[in-house]
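*Asks:* Let me see the structure of the following:
(2 chains)
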Amino acid sequence: MEKSNLNEKTIQIDSVKFHWSNKSKFKLHIPELSVDKGEKVLLLGESGSGKTTLLSLICGFLTPLSGKIQLNEKLINDLSATKRDQYRSDNIGIIFQQFNLLPYANVIDNILLPLYFSKLRSANVSNQRETAISICQSLRLPEDVVNMKASELSVGQQQRVAVARALIGNPPLVIADEPTSSLDTDAQTIFLDLMFSQVASSNSTLLMVSHDKSLSSKFDRVIDMKNISVKEQ
Amino acid sequence: MLLKLTFNSLYARLLTVAMTVFAISLSLMLYMSVEKLRTSAYTSFTDTISQTDLIVGARTSSVQLLLYSVFRIGNATNNITWESYEDVINKKEVAWSVPISLGDSHKGFRVMGTNSEFFKRYKFRGGQSIELEQGNNLDDLYDVIIGAGVAEKLNYSVGTPLIVSHGLQSFSDHDDQPFKISGILAKTGTPVDNTVIVSLEAIEAIHVDWSTGAKIPGQITPVEEIRQMDLSPKNITAALIGVNSKLQIFQLQRWINEYPEESLSSILPGVALQELWRIVGVVENLLLGISVTVIFTTLIGMTAIIFSSLNERRREMAIWRAMGASPKVVIGLLMLEALIISVMSIIVSTVMLFLTLYVLQPWIDNTYGILVNIETLAVKDIYIFMLFILSASLVSLIPAIRAYWFSINDGMTIKI
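*Replies:* Modelled structure (predicted):
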């Protein structure tokens, strides 16, 4: 594994403030947060603590009212909406809690979807179909699954396909929003192990959100929302 | 990729989509068939008589003259004398003429006296001639040729005897002089189908014992004697006229209308047909209005269906966004969906229309005398299709813009 650029930051957040203008009750203020390249970070927090808002900011769905968000040393909050969309598709693989896949499309098409929007990631994959199949194999998905429709898969299988999709084309950052909450404990462990090995093999940084403290031991670092955000009012 | 996935997505909602396509297709088909019937009815109607340049009759309105001389509807106000008729046809502009004598009937069907010129000169549907389907021409004085409609409704065949009644709704028959059917005409889709045709001489013959519309009491001239008489017609009801040169039509028309010895009218059949159609045409506009409304309704229906699918597809939109699709792509996806639905509807409706027309054409022709043209789509139909696709895309913008707002505001948080 490459360790030469250990001090390179994948995520660097400085005094970011955000609130919905119409929902003035909720205010998020994060003085500082940084994630090193290659790090596996668990972001803990209760519901309503602003985890998802933070992820939306990092992914560029939202822009902060003030402060700086840098991904791979590039300031993203100044980019236009279109450029942020492009930046997201080039640099971030996203795994949701559940229902990650287009139910009507087959597994291969779901996995290859990010490559359609990102030339950068597409360039990292020489043979799209084969790569998708090989990722599926390393995620221990049954061989016949790739041609099945996403809706025909079990929840656990769907989450693994979501990992394959997030990782195809080796994006520098993978963001997972409670990806294991819909799985039982045994499946959680298997899922996390498979995800970790994939993240490691593609040399990506992982930021995973959860409210489950028991997962802490598996990560390089654990960040609690309570400790990084400043409550206002 | 996007196209393929949109198809996948539509296929996953096959039942809903198929119902939508079917509904839109039906309304498009309704519109197109109304259009087809409208234009075909117009063509068939205006083609009831063709290649006749002028119709001459006693002084009356042009629509009325057309109605009784061509459509056998209503009555002539007056006859014209044979002398006037001869004056007209002796004009150098006249190429041919067909005298027509109306006034009697047979079981509700009009009896028309004419001569052999009628079969040669009367044209319909842009130059088609009437033809005998069975039997022979009018050879004998008491021969009669009937139209296809008469034969069918009264179940007559060649050789059947036939009694002509006096007037249109009278109880007195010319039963002393029975006719015999010598021929049956092929179907034309014109009023000729419902006409009983005899010779002009026969009209004279059956009225030998009549004077000013009433039978002379006690006078019965034997048939043998009548056959020896001079039966040259003294009056006719109207005449169809062809001119040598189209340039002379108006000149001849003015001459006839100003004929000093008798009040005559002459009309251009094409113009009179148009005039008549304008009266009938109100209905066609109504039909057109209804079918446009139907199309409009289905467009709203399609939007409603896209709208209702929007909430359950909110998650799908979030996935697209997470993959890096801009909100514009989300709008594009929904519009593409509407586009595919409308194009499929157009294809389905066209296929349905042509299949239906193909099956129904002979029946429509037989029953209503309207020849529906099923050759190709008219340029107008293509315009309508393009207009439909355009408005479908525009209408689909409404749910698409809503999806746009969803996808901008949802970000990572996805409501189920």
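*Asks:* all contacts plus neighbour counts: C-alpha atoms, from now on.
*Replies:* Will do.
*Asks:* Can you check the pLDDT for residue 154?
*Replies:* Since you didn't name a chain, this refers to chain A. With respect to pLDDT, A:S154 scores 90.
*Asks:* try chain B instead
*Replies:* pLDDT, B:L154: 92.
*Asks:* could you pull out the strands for chain A?
*Replies:* Along chain A, counting by DSSP state E, strands occupy A:9-18, A:28-36, A:40-44, A:66-71, A:74-75, A:92-95, A:173-177, A:205-210, A:221-224.
*Asks:* Over to the stretch 151-300 of chain B?
*Replies:* B:161-162, B:179-185, B:195-199, B:210-211, B:214-215, B:235-236, B:238-243, B:264-267 (DSSP state E, counting those that start in this stretch).
*Asks:* For A:L183, find the nearest of these.
*Replies:* A:L183 sits nearest to strand B:179-185 of all these, at 84.4 Å, using Cα to Cα.
*Asks:* Which neighbours in the sheet does that closest one have, and how are they oriented?
*Replies:* The strands beside strand B:179-185 in its sheet (DSSP bridges) come out as strand B:132-135 (antiparallel), strand B:143-146 (parallel), strand B:161-162 (antiparallel).
*Asks:* which ones are touching B:V111?
*Replies:* B:L102, B:G103, B:D104, B:S105, B:V164, B:T195, B:V196, B:I197, B:V198 (Cα atoms under 8 Å, 6 or more residues apart in numbering or on different chains).
*Asks:* give me that answer again for 10 Å
*Replies:* By Cα atoms under 10 Å, 6 or more residues apart in numbering or on different chains, the contact set of B:V111 is B:72, B:101-105, B:144-146, B:164-168, B:194-198, B:203.
*Asks:* Please pull up the helix or strand immediately following the helix or strand hosting B:E337.
*Replies:* Per DSSP states H and E, B:E337 falls inside helix B:327-368. Downstream of helix B:327-368, the next assigned helix or strand under DSSP H and E is helix B:379-410.
*Asks:* Now do that next one: which elements does it pack against?
*Replies:* With contacts defined as 3 or more Cα pairs under 10 Å, 6 or more residues apart in numbering or on different chains; DSSP states H and E, helix B:379-410 has these neighbours: helix B:14-46, helix B:269-312, helix B:314-322, helix B:327-368.
*Asks:* Can you name every helix or strand that the shortest one contacts?
*Replies:* Yep, that's helix B:314-322 we're talking about. Checked by 3+ Cα pairs under 10 Å, 6+ apart, helix B:314-322 has helix A:81-91, strand A:92-95, helix A:107-117, helix B:269-312, helix B:327-368, helix B:379-410 packed alongside it.
*Asks:* redo that, cut-off 6 Å
*Replies:* Packed against helix B:314-322, as judged by 3 or more Cα pairs under 6 Å, 6 or more residues apart in numbering or on different chains; DSSP states H and E, are no other helices or strands.
*Asks:* how about that helix: buried residues?
*Replies:* By neighbour count with 16 or more other Cα atoms under 10 Å in any protein chain shown, helix B:314-322 contains the buried residues B:R314, B:R315, B:E316, B:M317, B:A318, B:I319, B:W320, B:R321, B:A322.
*Asks:* repeat for stretch A:53-67
*Replies:* A:53-64, A:67.
*Asks:* Which single one of these is nearest to B:I216?
*Replies:* A:F61 (105.1 Å).
*Asks:* So what does the closest one have for phi and psi?
*Replies:* Main-chain dihedrals, A:F61, degrees, to the nearest 10: phi -70, psi -30.
*Asks:* For chain B, give me the ranges with low pLDDT.
*Replies:* For chain B, the stretches with pLDDT under 70 are B:170, B:213, B:369, B:375, B:411-416.
*Asks:* Distance from the chain centre to the longest helix belonging to chain A, please.
*Replies:* The residue-count maximum for a helix in chain A (DSSP state H) belongs to helix A:185-201. Mean-position distance between helix A:185-201 and its chain equals 14 Å (Cα atoms, centre = their mean, to the nearest Å).
*Asks:* in it, what counts as buried?
*Replies:* A:Q188, A:F191, A:L192, A:L194, A:M195, A:F196, A:Q198, A:V199, A:A200.
*Asks:* And for stretch A:105-125?
*Replies:* Those would be A:105-118, A:120-122, A:125, for stretch A:105-125 by 16+ other Cα under 10 Å.
*Asks:* Could you do stretch B:61-71 as well?
*Replies:* Within stretch B:61-71, the residues scored as buried using 16+ other Cα under 10 Å are B:S62, B:V63, B:Q64, B:L65, B:L66, B:L67, B:Y68, B:S69, B:V70, B:F71.
*Asks:* Which one of the buried residues of helix A:185-201 is nearest to chain B?
*Replies:* A:V199 (17.7 Å; Cα to the nearest Cα).
*Asks:* where in chain A is pLDDT low?
*Replies:* Chain A contains residues with pLDDT under 70 at A:1-6, A:22-24, A:231-233.
*Asks:* Tell me the residues on it that lie near chain B, please.
*Replies:* Proximity of chain A to chain B (Cα under 6 Å from any Cα of the partner chain) is limited to residues A:S56, A:F61, A:D85, A:Q86, A:R88, A:S89, A:Y104, A:P114.
*Asks:* list the contacts for the nearest residue to the third one once chain neighbours are set aside?
*Replies:* Going back to what we said before, that points to A:D85. Nearest residue to A:D85, sequence neighbours excluded (Cα to Cα, 6 or more residues apart in numbering or on different chains): B:G324, at 4.8 Å. By Cα atoms under 6 Å, 6 or more residues apart in numbering or on different chains, the residues touching B:G324 are A:D85, A:Q86, A:R88, A:S89.
*Asks:* and if you look at B:D173?
*Replies:* Applying Cα under 6 Å, 6+ apart to B:D173 gives the contacts B:S165, B:H166.
*Asks:* before we move on, what about the one 5 residues further on?
*Replies:* B:P178 makes contact with B:L162, B:I163 under the criterion Cα under 6 Å, 6+ apart.
*Asks:* do that again at 8 Å, thanks
*Replies:* B:Y142, B:P161, B:L162, B:I163, B:V164.
*Asks:* for B:V351, same thing?
*Replies:* No contacts exist for B:V351 under Cα under 8 Å, 6+ apart.
*Asks:* Can you check the distance spanned by stretch A:173-183, start to finish?
*Replies:* 23 Å (Cα to Cα, to the nearest Å).
*Asks:* thinking again about what came up before, buried ones among the contacts of B:G324?
*Replies:* Among the contacts of B:G324, those scoring as buried are A:D85, A:Q86, A:R88, A:S89 (criterion: 16+ other Cα under 10 Å).
*Asks:* Based on its surroundings, how many neighbours for the residue in the stretch 151-300 of chain B positioned nearest to chain A?
*Replies:* Residue nearest to chain A within the stretch 151-300 of chain B (Cα to the nearest Cα): B:L299, separated by 25.2 Å. Neighbourhood size, B:L299 [other Cα atoms under 10 Å in any protein chain shown]: 24.
*Asks:* Who does B:I80 form a beta bridge with?
*Replies:* B:I236.
*Asks:* Geometrically speaking, which residue is the centre of chain A?
*Replies:* Nearest residue to the geometric centre of chain A (Cα atoms, centre = their mean): A:I175, 1.2 Å.
*Asks:* How much space separates that residue from chain B?
*Replies:* Distance of A:I175 to chain B, given as Cα to the nearest Cα, to the nearest Å: 10 Å.
*Asks:* wouldn't that residue be in contact with A:I95 here?
*Replies:* Yes: at 6.2 Å, A:I175 counts as touching A:I95 under the criterion of Cα atoms under 8 Å.
*Asks:* Grab the nearest non-local neighbour of the residue of chain A found nearest chain B.
*Replies:* Residue nearest to chain B within chain A (Cα to the nearest Cα): A:S89, separated by 4.2 Å. Nearest residue to A:S89, sequence neighbours excluded (Cα to Cα, 6+ apart): B:G324, at 4.2 Å.
*Asks:* cool, and A:L139?
*Replies:* A:L194 (5.8 Å).
*Asks:* ditto for A:K27
*Replies:* A:H19 (4.8 Å).
*Asks:* who touches that neighbour in this structure?
*Replies:* A:H19 makes contact with A:F26, A:K27, A:L28, A:L65, according to Cα under 8 Å, 6+ apart.
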